[in-house]
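S.K.: Okay, here's the prediction I keep looking at, along with the sequence it came from:
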There are 2 protein chains.
Amino acid sequence: MSLKYIVLGMLRKPHSGYDIKKHFEKSLENFWRAELSQIYPLLGKMQDDGLVTSKAGASDIGPTRRVYKRTAKGGRELVSWLSDGPVVGTERIAYLAQVYFLADLECDSSAIAFMQELRDYMSDWLHSLEATQNEWRSNDPRYPDELPEEDFYAQLTLDMGLNKVRTNVEWCDHAIARIRARERRRSVRIV
Amino acid sequence: MSLKYIVLGMLRKPHSGYDIKKHFEKSLENFWRAELSQIYPLLGKMQDDGLVTSKAGASDIGPTRRVYKRTAKGGRELVSWLSDGPVVGTERIAYLAQVYFLADLECDSSAIAFMQELRDYMSDWLHSLEATQNEWRSNDPRYPDELPEEDFYAQLTLDMGLNKVRTNVEWCDHAIARIRARERRRSVRIV
DNA sequence: GTTTACATGTAATCAGTTACATGATTAC
DNA sequence: GTAATCATGTAACTGATTACATGTAAAC
């Protein structure tokens, strides 16, 4: 149910379906993804519902593009989504479900390998977010608190991502240490 | 794709579809949810695929229950899911998408109200996780690091939840303070 | 010439939600 | 008697993924 509103949000300025996909890849990929095969039919439906209008036009490069604009009705729908308050309690975190059942591996070193892989993923993610932050900071002296509204709120989500992923790395390290400590205590008992 | 494996994980001990739903509500609701209308057909399909077997039996209370058991093949599928490493990059966090577009509210106090509502939700969530932790700690002297394997890993996910939600509350507080500071700077400029 | 990026879409399938239908047992 | 909990399911629909199909233009 959220994708429609996210697309409306992106259409603050006119964009093609392809542009919207690029926008997902550039900025929102950390908390939402969508494929072109979902975006194109959705844009068609949104046009039927009067939330957007479109115009086909030649592109400088490549084939003709269809560019979508948000209508006043579309703008109101977006505002009403935001005004209804945060959409919470719908997240699904598959890797936590895996951690929950890690005992079924019946092998400490496999469990540690799992946690280590998770740690590496989070660590890579952290570095890529830090790179984004550094680039932004060095390209715009207003970063972060003097940015224009739109960029300020986008920056808030980046900040949230940094916090989250940093916490995750630390938690993985801590978890690995605790699994190792259990392993040691067990081997002592056997000896 | 994960639900099948989560159900296999829960079937370490035999359970009915109804039990599985209870298990979701009790322990996994913080990172995965499933409705009975999804669970029942899935159990049927898993039985067709030889991952579980079932037996109908009378219940002490209420109507007859169908109890499912994980087969050896089911156990192997679970282990292979865990061995393939963490399933990452699939999360969708709707409230972050909302924060990203909060500028479209064109009103600081609405944006602050949004963030405040998010903060309250996270704070309530934190308190409920802390309550779970306190209860567990006072009921089992082995908590957390001397718990049996299964409980230890379940505990790890609780620990992760506590970390995450705590970070979220702090981030919301920080974000609200920054939005307020922007607001003040703007009003000074107007005066 | 071949790969990459641009650009738009459809079809089939899978995953998940909401609504509906049924009925037993227990607690108040 | 009536509400809550136990218990199992189906049907219709919405949301999301994977695979397929088509073609242009630029870069190497």
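M.R.: Thanks, I have it. Residues are numbered from 1 along each chain as shown, chains lettered A, B, ... in the order given.

S.K.: Direction included, what does the lowest-mean-pLDDT helix or strand in chain A pair against?
M.R.: Counting by mean pLDDT, DSSP states H and E, chain A has its least confident helix or strand at strand A:52-57, which shows a mean of 92. Based on DSSP bridges, the strands next to strand A:52-57 in the sheet, each with its direction, are strand A:65-70 (antiparallel).

S.K.: is the strand it pairs with up against DNA strand C anywhere?
M.R.: Yes: under the criterion of CB under 7 Å from any atom of the strand, DNA strand C is reached by strand A:65-70 at A:65-67. In this view, the C-beta of every residue, glycine as well, is placed from N, C-alpha and C.

S.K.: Would you map the helices across chain A?
M.R.: Listed in chain order, the helices of chain A (DSSP state H) span A:3-10, A:17-23, A:36-48, A:72-83, A:94-100, A:108-139, A:149-190.

S.K.: Go ahead and confirm residue A:160 touches residue B:96.
M.R.: Yes: using CB atoms under 8 Å, residue A:160 and residue B:96 qualify as a contacting pair, with a distance of 6.3 Å.

S.K.: Just the CA atoms of stretch A:70-90, as PDB, please.
M.R.: Presented in PDB, the C-alpha positions along stretch A:70-90 are these (Å, rounded to 0.1, in the frame of the first residue of the first chain):
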ATOM      1  CA  ARG A  70       1.500  14.600  -9.800                       C
ATOM      2  CA  THR A  71      -2.000  16.200  -9.900                       C
ATOM      3  CA  ALA A  72      -3.500  18.300  -7.000                       C
ATOM      4  CA  LYS A  73      -5.500  15.200  -6.000                       C
ATOM      5  CA  GLY A  74      -2.200  13.200  -6.000                       C
ATOM      6  CA  GLY A  75      -0.600  15.800  -3.700                       C
ATOM      7  CA  ARG A  76      -3.600  15.600  -1.300                       C
ATOM      8  CA  GLU A  77      -3.300  11.800  -1.200                       C
ATOM      9  CA  LEU A  78       0.400  12.100  -0.300                       C
ATOM     10  CA  VAL A  79      -0.300  14.600   2.500                       C
ATOM     11  CA  SER A  80      -3.100  12.500   3.900                       C
ATOM     12  CA  TRP A  81      -0.700   9.400   4.000                       C
ATOM     13  CA  LEU A  82       1.800  11.500   5.900                       C
ATOM     14  CA  SER A  83      -0.900  13.100   8.200                       C
ATOM     15  CA  ASP A  84      -2.300   9.700   9.100                       C
ATOM     16  CA  GLY A  85       0.900   9.100  11.100                       C
ATOM     17  CA  PRO A  86       3.700   6.600  10.800                       C
ATOM     18  CA  VAL A  87       3.000   3.300   9.200                       C
ATOM     19  CA  VAL A  88       4.500   0.900  11.700                       C
ATOM     20  CA  GLY A  89       4.400  -2.800  12.600                       C
ATOM     21  CA  THR A  90       4.600  -4.100   9.100                       C
END
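
S.K.: What about the residue of chain A at minimum distance from DNA strand D, how many residues nearby?
M.R.: Across chain A, the shortest distance to DNA strand D (CB to the nearest atom of the strand) belongs to residue A:37, at 3.1 Å. The number of residues packed around residue A:37, counting by other CB atoms under 10 Å in any protein chain shown, is 8.

S.K.: same deal with residue A:103?
M.R.: 19.

S.K.: Pull up the gap between the residue lying closest to it once chain neighbours are set aside and residue B:11, please.
M.R.: Residue nearest to residue A:103 in three dimensions, not counting chain neighbours: residue B:149, with 3.9 Å by CB to CB, 6 or more residues apart in numbering or on different chains. Residue B:149 sits 17 Å away from residue B:11 when distances are taken as CB to CB, to the nearest Å.

S.K.: which of those two has more neighbours?
M.R.: For residue B:149 versus residue B:11, neighbours defined as other CB under 10 Å are more numerous around residue B:11 (24 against 15).

S.K.: that older thread, could you export the helices of chain A as JSON lines, including mean pLDDT?
M.R.: JSON lines is the format used below for the helices of chain A (pLDDT from 0 to 100):
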{"stretch": "helix A:3-10", "mean pLDDT": "98"}
{"stretch": "helix A:17-23", "mean pLDDT": "97"}
{"stretch": "helix A:36-48", "mean pLDDT": "98"}
{"stretch": "helix A:72-83", "mean pLDDT": "98"}
{"stretch": "helix A:94-100", "mean pLDDT": "98"}
{"stretch": "helix A:108-139", "mean pLDDT": "97"}
{"stretch": "helix A:149-190", "mean pLDDT": "95"}
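
S.K.: could these go into a markdown table alongside distance to DNA strand C?
M.R.: Conversion of the helices of chain A to a markdown table gives the following (distance: least, CB to the nearest atom of the strand, whole Å):
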| stretch | distance to DNA strand C |
| --- | --- |
| helix A:3-10 | 13 |
| helix A:17-23 | 3 |
| helix A:36-48 | 3 |
| helix A:72-83 | 15 |
| helix A:94-100 | 9 |
| helix A:108-139 | 17 |
| helix A:149-190 | 21 |
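
S.K.: Quick one, which of these gets closest to residue B:182.
M.R.: Distances from residue B:182 to each of the helices of chain A were compared using CB to CB; the shortest belongs to helix A:149-190, at 7.0 Å.

S.K.: And residue A:166, how far from chain B?
M.R.: Taking CB to the nearest CB, to the nearest Å as the measure, residue A:166 falls 8 Å from chain B.

S.K.: what does residue A:130 give?
M.R.: With distances taken as CB to the nearest CB, residue A:130 is found 16 Å from chain B.

S.K.: which residue sits closest to that residue, ignoring its sequence neighbours?
M.R.: With CB to CB, 6+ apart as the measure, residue A:162 is the residue that lies nearest to residue A:130, at 7.0 Å, once sequence neighbours are left out.

S.K.: Just give me the neighbour total for that neighbour.
M.R.: 17.

S.K.: Residue A:111: what's it in contact with?
M.R.: Neighbour list for residue A:111: A:102-103, A:105, A:179, B:153 [criterion: CB atoms under 8 Å, 6 or more residues apart in numbering or on different chains].
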